[in-house]
Structures are given as C-alpha cells and as structure tokens.
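Peer 1: pasting the structure only:
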C-alpha cells in the first residue's frame, strides 16, 4: 500500500536521466508491444527520426547523410530491404559510421519494435565483434526493464570493447561517456554510492558541461554525506541548464526523503529567497507544505505562483489540490474546472474535478462527475500510468452515487493486483463499514494513517477511524 506521494519536483527537469547522445533519446522511448501494431502506429515516432539520430556522434559532415536520409524514407515506406541496402552502402562509403545493424536497430526501436531491434543488435555483435554499441543499447534496454544484473554485464562488456576501439575517435568518446553513465546508473540502483561517484566523475571529466551528470552527482554526494558538495553540484547543473531544478529544492527533496524535515524546510525557504518570482519554486514549496499539512502556508505559496502567472496550469491544479485537502470543495471545483477547460486532456485536472464534483449535492454536477470518470477509464486503459487512479476515482464516484456493488468490484480487482492507492484504501474502508466489517476497516485505516504522508482523503480517513474507535451504540 503506498505510503508517500512525491511533493517536490523531480531532480531532473527534462530529457532522459542518463543518456548523453541523440541515439539514447530514441532508446529511452522504447515501449514494448506487438510489432505489427507498433509499426502501424509508428508514423509519429518515425517522423522524428533523422540521420543525426542514427549516426549519433559518428560524423559531423551533413554531406554524409544522403543515403541515411533515403534509408529512413525507405523504412517509413516499409521497404526494409531497400533501407538496409542504403545503410550498408553508407557504411561502406564511410567506415566511421555505426554498423548498419545498429542503425537498423535504432529505426526499429523508433517504432517500438523490440524483437527485430534485438535481432539486429545480436547480428551486429557477431559481424562487428569489436564495436561496443550493441552492448550499450542492450544495456540501456536491460536497465529500463530493471534487469540490473544484465545491464551491469552489458555495460562492462561495452567498456572492455571501448578500450580497444580505434575506428572513430568521436564514437569512442561517446562510448566512454555512455559506459560511465550506464555503470553509474547500475551503481545508483544498488546504492553503491562510491562506485557511482567514480563513474560520474569519469563522465564529467569527458563532458563537464552535462547538466544531468552534475544533477546525478549531487544526489550521489548527498548519499555519501557530502551535503555542501551536493549543493554545489546542483548549482553547477542549474548554471548549465536554466530549466534544471532550483539547487536548494533539489537538496530539500533529498533531505525530505531522509525524513530530515527541518533541513528540508530551511532549504525550501532559501529556494524562495533565491528565486521569489519563479512559479515552479513557489509551487514546489506549496506542495511540500501540503505534505506537512500546513495548508495556510501551502495556500500562500500557490496563490503567489498564480499571481505571477495566472495562466499556469500547474498552479491551478496545485491550488485546487490544496482546497480539496482542506475539504473546501467549491474552491477546489473552481480551480480544477479552470484547469480542465484550459487543458481538457490533462488527467490530474479532469480526474480531480470528477472527485470534487461528486461531493456536491447538485444532481447535474454529480452526473458530470460520473461522465468524466467513465471517460477517463475508457481513455486510460491497460498500460496507461493513470489507469489505477482513473479506476479508483470511478469506484468512488459509483459509491457516492449508491452503486456500491460496482465500486466494490473495481476496488477488489485493484487490491488483488496490489495496486491500491492510499485514497483507495479509505474507499475500501468505507465499503467495509457499510457491510458491518468495522474491525477490518479499522485495521486498514490504522495502516494507512500510521505513516505521516499526506493524501487528499487523509482527514476523512482520520475522522472515520476516530468514529470506529468509539464504542458501538
């Protein structure tokens, strides 16, 4: 059962967290699926494919890209044989290019077809045994699939091959960076912080202007107990990338994760002083104060963000969330509705609006809540990161509308899949109370409330638990 929701922004503000070449951007977007279906839907992904994506850092002369551009067109037209022939000719004319199979693999990954991509990489490892790239791409894929041992072995093999690679100095440097980045990610996943620090230092020696590497170094240094050095790394990242998270916020997130609340609060206030006109900083502060149940402070910072940028979608959603936690449903409805009108496809806005509308006594508003909840479930089916939240919301809407059996059916399935949210646990407790199973309901609520994490229905859960502890009758 979840016990905490993130209240501060992620430390990485944009782009893949550990990729350092255009090709990594493609690999980072891989989604497993049926090959034929993926290719049929791959027009959008393929429209973004360029010669630079395939070549990476191999060459810098655009004149070398003629055959590669033509190959991309052939691939888009399903002419795989013609595509391969053009890539083979390009490689024959310029041995500095990646092997044809590597470029074919990137094309397959660009349309989410993992099986043929793997086949291309396996074949390339045989035909070009000294080229590290197949191992680097497979290492990336293994890490994304959380196969950390496999990723470790693949990055180590790539590193061994990189040491003896002499065909192209630009590719060699790219390989060295990617080996360090991949091995650092493995070490971070294993919480082997000193090993991660060494690999990140190697990456930064080769690429000192990479903001992502500095951000990751900041995290690692904090874990090693080097707080001043951690803040310095985050500041360097911000200097290199204006869109990076405010350094004090990045460090506050780490202190908060370590349950060092006073240090986190001090850093958040420092972040506000350093960037008082940055809505992102103010919203991060608002979210943190919500997590500490300091709703007045959260409201102050959210409204300050809205005063700076009245059109901010994020600010409207955060302000609505604060009102919902406070059970001020009319205010929550106003902000969520504004956000939904501004961005109809935004899930947090629409989902939250359905939840506050169903709390009213207005029949039309409750009907609208039902329609929105059902539409969200239809839109966010299996594979969507919003599926569980959409189903949980629909279950609560059903419950509020008196359709308890429908609500119980949804929540039971979510529970069986071990995907229950904290709000969902409260909803189940309500159902159990209705069925007279007060002891079970009390145990669920005690488990949820044992953690100090804030969630929208925490006050309702606390009230219900208090009522269950009172003697019956």
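Peer 2: Looks like it arrived, so ask away. Predicted model, so just to flag it, every value in this text is computed and none were measured.
Peer 1: ok, and the closest non-adjacent residue to residue 410?
Peer 2: residue 395 (4.0 Å; CB to CB, 6 or more residues apart in numbering). All C-beta spots, glycine's among them, are computed from the backbone N, C-alpha and C.
Peer 1: Run through the residues that contact the one you found.
Peer 2: 406, 407, 408, 410, 411, 414, 424, 427 (CB atoms under 8 Å, 6 or more residues apart in numbering).
Peer 1: mind checking how far it is from residue 415?
Peer 2: Separation of residue 395 from residue 415 (CB to CB, to the nearest Å): 11 Å.
Peer 1: joint contacts of the two?
Peer 2: Between them, residue 395 and residue 415 share these contacting residues under CB under 8 Å, 6+ apart: residue 424.
Peer 1: Look through this structure and tell me its longest helix.
Peer 2: Longest helix in the chain by number of residues, with DSSP state H as the criterion: helix 169-189.
Peer 1: That helix - contacts with which helices or strands?
Peer 2: helix 133-144, helix 148-163, helix 193-206, helix 211-223 (3 or more CB pairs under 8 Å, 6 or more residues apart in numbering; DSSP states H and E).
Peer 1: Give the buried residues for that helix.
Peer 2: 171-172, 174-188 (16 or more other CB atoms under 10 Å).
Peer 1: Check the average confidence over the one helix or strand residue 264 maps to, would you?
Peer 2: Element membership for residue 264 (DSSP states H and E) is helix 261-274. For helix 261-274, mean pLDDT rounds to 97.
Peer 1: Begin at 156 from now on, thanks
Peer 2: Let's use 156 as the start, then, which means that last one is helix 416-429.
Peer 1: That helix: what's the following helix or strand?
Peer 2: helix 434-446.
Peer 1: That next one: which residues count as buried?
Peer 2: Within helix 434-446, the residues that count as buried by 16+ other CB under 10 Å are 434-446.
Peer 1: can you check stretch 373-381 too?
Peer 2: In terms of neighbour count (16+ other CB under 10 Å), stretch 373-381 has its buried residues at 373, 374, 375, 376, 377, 378, 381.
Peer 1: which ones are touching the last one?
Peer 2: What that stands for is residue 381. Applying CB under 8 Å, 6+ apart, no residues contact residue 381.
Peer 1: how close does it sit to residue 575?
Peer 2: Taken as CB to CB, the span from residue 381 to residue 575 is 38 Å.
Peer 1: can you state the direction angle for the helix or strand where residue 403 lies and helix 416-429?
Peer 2: Element membership for residue 403 (DSSP H and E) is helix 402-412. Here the directions of helix 402-412 and helix 416-429 differ by 170 degrees (axes from the mean of the first three to the mean of the last three CA atoms, to 10 degrees).
Peer 1: what comes into contact with helix 402-412?
Peer 2: Taking CB under 8 Å, 6+ apart as the rule, helix 402-412 contacts 162-164, 166, 370, 373-374, 377-378, 382, 385-386, 389-390, 392-393, 416, 418-420, 422-423, 425-426, 429, 436, 439, 443, 446.
Peer 1: again, but for stretch 518-531
Peer 2: Contacts of stretch 518-531 (CB under 8 Å, 6+ apart): 488, 502, 505-506, 508-510, 512-513, 515, 541, 545, 548-549, 552, 555-556.
Peer 1: where does the chain have low pLDDT?
Peer 2: Low-confidence segments of the chain (pLDDT under 70): 156-202, 212-219, 627-628.
Peer 1: Contacts only, for residue 225.
Peer 2: residue 241.
Peer 1: let me fix that: residue 570
Peer 2: Counted by CB under 8 Å, 6+ apart, residue 570 has contacts 579, 583.
Peer 1: give me the element it is part of.
Peer 2: Assigned by DSSP H and E, residue 570 belongs to helix 559-571.
Peer 1: which strands and helices sit next to the helix or strand following that helix?
Peer 2: The C-terminal neighbour of helix 559-571 among helices and strands, as given by DSSP H and E, is helix 577-589. With contacts taken as 3+ CB pairs under 8 Å, 6+ apart, helix 577-589 sits against helix 542-555, helix 559-571, helix 593-604, helix 613-624.
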